[in-house]
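A.B. asks: Need a 3D model of the sequence below.
(chains A and B)
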Amino acid sequence: MKKTACLILAFIIMAVCLSACSDKTRPDADDPVTLTMWHVYGSQTKSPLNDAIDEFNETVGKEKGVTVNVVSVTSSSAIDKAIASSVKGEPGAEKLPDLFTAYPRVAEIAGEERLLSWNEYFSEQELSIFRKEFISEGYFGDKLLMLPVAKSTEGLFLNKTLFDRFSAQTGATTDMLGTFEGLFSVANSYYDWSGGQNFTQINDFYNYAYTGMKVYGDEFIKDGRLNLDSPAFEKVWLMLGEAAIYGGICLDDGYAAARWKTVEIISNTGSTADILYQPEMVFYPDNTTESITSLSLPYPAFAEDKPAAVHRGGGLFTIKNEDERKNYGAYIFAKWLTEKENNLSFVTKAGYLPVTDEAFETLFKDTSIVENESYRGLYEMTSVMLKDYELYSLPLYSGASEIQNDFEQNVKLVLRSARNHYLERAGTSDDKQALSKELAVSSLAELKKLCARDM
Amino acid sequence: MKKFKYMDVRGIIKQSRAEGVSMRRRFAVYAFSVICLFLAIIILLLNLFGILNLTDRQIMSDLDARLSACSEKIIGNCDELAACAISFSGQLEDSVRVFLAEKDLSFEELKNDPDAIDSLQDVLYDSVYLNMQVAPASGAFYILDTTANSNSPTELFSGVYLKYINLCSENTVNNDFSIYRGSFTTGKSKDIIFHSGWKNESSTDFFKNCDEVFSDGTHFVLSSVVEIPDTWEKARYIYVPIRGYKDEIIGVCGFEISDLLFQLSYKTEDGRWGNEICGLIDERDGGYSAQFSTSRYNNTDSVSVTQERGSQLFDFGNEKCVGVTKEIVLGKDSFSVAVMLPEAQYDGFIRKGQLNILFIFLIVALLAAVCCIFMSKKYVSPLLRKLEQVKSKENGGEQLHIREIDDLFAFLEERDDYYEKQLEELESARRGAEEEARRAKEEYEKAAEKYELAKSEIDRLAEKHSDEIVPEQYSYFVENLSMLTPAEYRIYELYLSGKNAKQIAEILHITENTLKYHNKNIYSKLGISSRKQLLRFAALKQHRDGKEDWT
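C.D. replies: The predicted structure follows:
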């Protein structure tokens, strides 16, 4: 009897001691953690990731004591800037978020030592379900700093309603948009037909040049620098330059979707996720509106026999936290988001590709699981691209983010300048195409000069 | 003052240890242990029954402090926004009046005149932009009670509505912004990014009962939370009227406070009690609308607030929170500022608090039990052993170091030794007395034997001499004994006891001559002639007296 009483007492004391010294490396419902997040998966009008996060917060997050609080839905370049500001501690800069989505280039900006290594939390088996080409982008040495949650490739989006009107009068077809040569030709034709409207916007020029040079057998990035002296670059540049200077391509900053809305352009190349931003209605300057339908087309090829595009879409990063519960909370969220059903549900509402083999196969085996018709069309187009296209990943090198941004700005700057020259001289020129070609050549030298200065 | 050196202190401690601790102090420790145990049990029971819930009080106290800070900040920000809005409205009123005067138009003539409206927007745009930069808001707008297209199926109002694009900080200055509502011409001419949900004109209910709302001198209105059309955001609006020439309301202007800005301004504190959520709740038309410092509750369709256990219970349908609220008035409407914790989190802390109390109770109980066992083993057991020793009359043994008990046992031992000695002495005396008695008995037996022998001899002699005695002389002798004087009789007895003349003279302190005189009288009276005859007659008489006695 005495022995039993002693044992019970010892057990109670042990239980109480154990509960008092419980494992504080994991969050729980009684002591939850809140993770702030900046991400790019959404537009100003809707954010499928926010919807997914709401679902997480209400289910697994609630059960396991993790709340993800979306603080900002913005662009990847805005996130790069905000992360840089936070890291530098600039006045007015916000505290680094716990979670953020960005391209691999952000690792250099944030500092690899600040970032959580996902492979310390995900087991090898858990990581083995991811598509190799997606997860390999996230490794920095032996550390997996970027976890793929949604990927995309590039495509061409078209305002079918207006294109059909243009097509009916000019004979232009969507087949012509299968190559950049055809696209630029149609763009110039549209410019003439519309009385000076841009046909398309290229998002991004960096990706355009990278893909083109790959197709033409050279590397756009060599030894961590832009390889602008390559004949291959000259080739891709002249194609683009001529059309841009002629007026077929929009050279302004800002989102393509906004220009769609005001009918300044009727197509654009960009991430498959751009479908999220496609308007269903356009507005004319006379205060009238028109409903439109959109069409998703494969990324134009540089050579018909060698179609290629780049993988897009960054991944999920986590800032290492001293509170181990937050790190583990980030793992719980990331694991949930990349589970087949959750990942499929999220990506198919945003125009992205799922990141695990199983989800990938499920989607492309039967695209009818996507309810929205235009999204289904996008995945059918992507399915074709996945089958026929060579898909490249953008290289990661020191200063990639800055070089990429500078290149984008320099291309626009040089081409806008050339376009202004063109407009000045077009009135007196008999051969406008020859003039645009001449200015494209001269603008290449200007671009090289500008990029050399930046580097 | 005398300074104690280390050695002195050690000495004192050593001495104290040697002397032992007093029983009073020991019992004080016992009593203290028992009191501690008792108090621990009381605290535990009070805590378990929720009467003494220390954690709950601490949580509520901290939440009250945060509530106070949040309320101040909300009122401050709202006042600042209202002041900006009133100033904004003044600027717009002046600009509209000047514009209409310059164009020689009445306000009503703006309707269905897109060019005039565009021109007016161009004039008013700067006010919107500048006020948005100044105010702590996520957007700024003005909406006039006019439209470029009155034939629209939905009622539309013209105006400019600018919104920040990527808020990631409470500090909105220098953020990119977009045009959310406003004419295409204005957007293009100002080279502004068009919002994904951009439209030319607004459909709004700001003008609903507008005259009535502002008729009683209300300076500003803070709206309920509404979904911003064509976006995923929700917001409150703070707005004031724009008045025309005749003081009639021709529009409203104000600022947007999006859920995101609210979250950034009133961040969820990861404090002592986990995530402390701040919220601004209002009840209108029988329902609640609210903004919270976390997106977790901003998307819930409804919230109901009830009083429970001295705090407020916020029911979001699938989740509940516990917290405190404070009523504040913003504009003309009442709002509740709330600071709360998720119920699971709150319950967790309460449970943890109770566990801590239980833990403390167990520790105290354990310590008290250990203390009692220790005291029992260390002090009571030796005491009992000592008593056993005392019972078994063993001396020495261990020192108890209980001053009173040690003194008692020392005293008992001393007494014991004393009584032992007394006993030994008495025993020795008894043995001596017994020996003495034995010896006396032996002597007595010897004397009796001698006496018997002497008596036999006397009897034999008496028998022998009785034949030689003349009976008449003897009779005379016996008869005249009574004639002797006391002195003579005394001498007679002394002769009979065997004393000689010298001894008798010494005993009676008389001279021998006196003795001789007495002898002569004795002889004469008893009819005898010598001492020898006297002794013979006397012996015979004794012999015969003895026989008579025996018979």
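
A.B. asks: Which pLDDT value belongs to the closest residue in space to residue B:272 that isn't next to it in sequence?
C.D. replies: Take residue B:272 and drop its neighbours on the chain: the residue closest to it by C-beta to C-beta, 6 or more residues apart in numbering or on different chains is residue B:62, 6.3 Å away. Every residue, glycine included, has its C-beta placed from N, CA and C. Looking at residue B:62, its pLDDT is 88.

A.B. asks: In contact with residue B:62, which residues?
C.D. replies: B:271, B:272, B:273, B:276 (C-beta atoms under 8 Å, 6 or more residues apart in numbering or on different chains).

A.B. asks: Repeat the analysis, applying 10 Å as the threshold.
C.D. replies: Residue B:62 is in contact with B:269, B:271, B:272, B:273, B:276, B:324, B:339, B:341, counting by C-beta atoms under 10 Å, 6 or more residues apart in numbering or on different chains.

A.B. asks: Spit out the contact partners of residue B:170.
C.D. replies: Taking C-beta under 10 Å, 6+ apart, one finds A:92, A:94, B:77, B:136, B:261, B:262, B:263, B:264, B:265, B:266, B:267 in contact with residue B:170.

A.B. asks: So which of those belong to strands?
C.D. replies: Residues of these located in strands (DSSP state E): none.

A.B. asks: that older thread, what about the residue nearest to residue B:272, helix or strand, and which?
C.D. replies: Assigned by DSSP states H and E, residue B:62 belongs to helix B:54-103.

A.B. asks: Check which element follows that helix along the chain.
C.D. replies: helix B:114-134.

A.B. asks: May I see the buried residues of that following helix?
C.D. replies: Under the neighbour-count criterion of 16 or more other C-beta atoms under 10 Å in any protein chain shown, helix B:114-134 has B:114, B:116-122, B:124-125, B:127-129, B:131-132, B:134 buried.

A.B. asks: Restricting to C-alpha, output that helix in PDB.
C.D. replies: Only the C-alpha atoms of helix B:114-134 are listed here, as PDB (Å, rounded to 0.1, in the frame of the first residue of the first chain):
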ATOM      1  CA  PRO B 114     -17.200  63.700 -69.400                       C
ATOM      2  CA  ASP B 115     -14.900  66.400 -70.500                       C
ATOM      3  CA  ALA B 116     -15.800  68.700 -67.700                       C
ATOM      4  CA  ILE B 117     -15.600  65.900 -65.200                       C
ATOM      5  CA  ASP B 118     -12.100  64.900 -66.600                       C
ATOM      6  CA  SER B 119     -11.000  68.500 -66.300                       C
ATOM      7  CA  LEU B 120     -12.400  68.800 -62.700                       C
ATOM      8  CA  GLN B 121     -10.600  65.500 -61.800                       C
ATOM      9  CA  ASP B 122      -7.400  66.900 -63.300                       C
ATOM     10  CA  VAL B 123      -7.800  69.900 -61.000                       C
ATOM     11  CA  LEU B 124      -8.700  67.900 -57.900                       C
ATOM     12  CA  TYR B 125      -6.200  65.100 -58.400                       C
ATOM     13  CA  ASP B 126      -3.400  66.800 -56.600                       C
ATOM     14  CA  SER B 127      -5.500  67.300 -53.500                       C
ATOM     15  CA  VAL B 128      -6.200  63.600 -53.400                       C
ATOM     16  CA  TYR B 129      -2.600  62.700 -53.900                       C
ATOM     17  CA  LEU B 130      -1.200  65.100 -51.300                       C
ATOM     18  CA  ASN B 131      -3.800  64.200 -48.700                       C
ATOM     19  CA  MET B 132      -3.200  60.500 -49.200                       C
ATOM     20  CA  GLN B 133       0.500  61.200 -48.600                       C
ATOM     21  CA  VAL B 134      -0.200  63.100 -45.400                       C
END
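
A.B. asks: is any part of it close to chain A?
C.D. replies: Yes: judged by C-beta under 10 Å from any C-beta of the partner chain, helix B:114-134 comes into contact with chain A at B:114, B:117, B:118.

A.B. asks: how is chain B carved up into domains?
C.D. replies: B:56-344, B:402-465, B:469-550 (automatic domain parsing).

A.B. asks: Would you reformat these as a markdown table and include distance to residue A:269?
C.D. replies: Formatted as a markdown table, the domains of chain B follow (distance: least, C-beta to C-beta, whole Å):
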| stretch | distance to residue A:269 |
| --- | --- |
| domain B:56-344 | 19 |
| domain B:402-465 | 98 |
| domain B:469-550 | 171 |
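
A.B. asks: Now do the same contact list for residue 138.
C.D. replies: As the question left the chain open, I've gone with chain A. Residues A:104, A:107, A:118-119, A:127, A:130, A:144-148, A:314-317 are the ones in contact with residue A:138 under the rule C-beta under 10 Å, 6+ apart.

A.B. asks: not quite, I wanted chain B
C.D. replies: B:132, B:162-164, B:167, B:172, B:175, B:177, B:228, B:233, B:235, B:255-262, B:264-265 are the contacts of residue B:138 under C-beta under 10 Å, 6+ apart.
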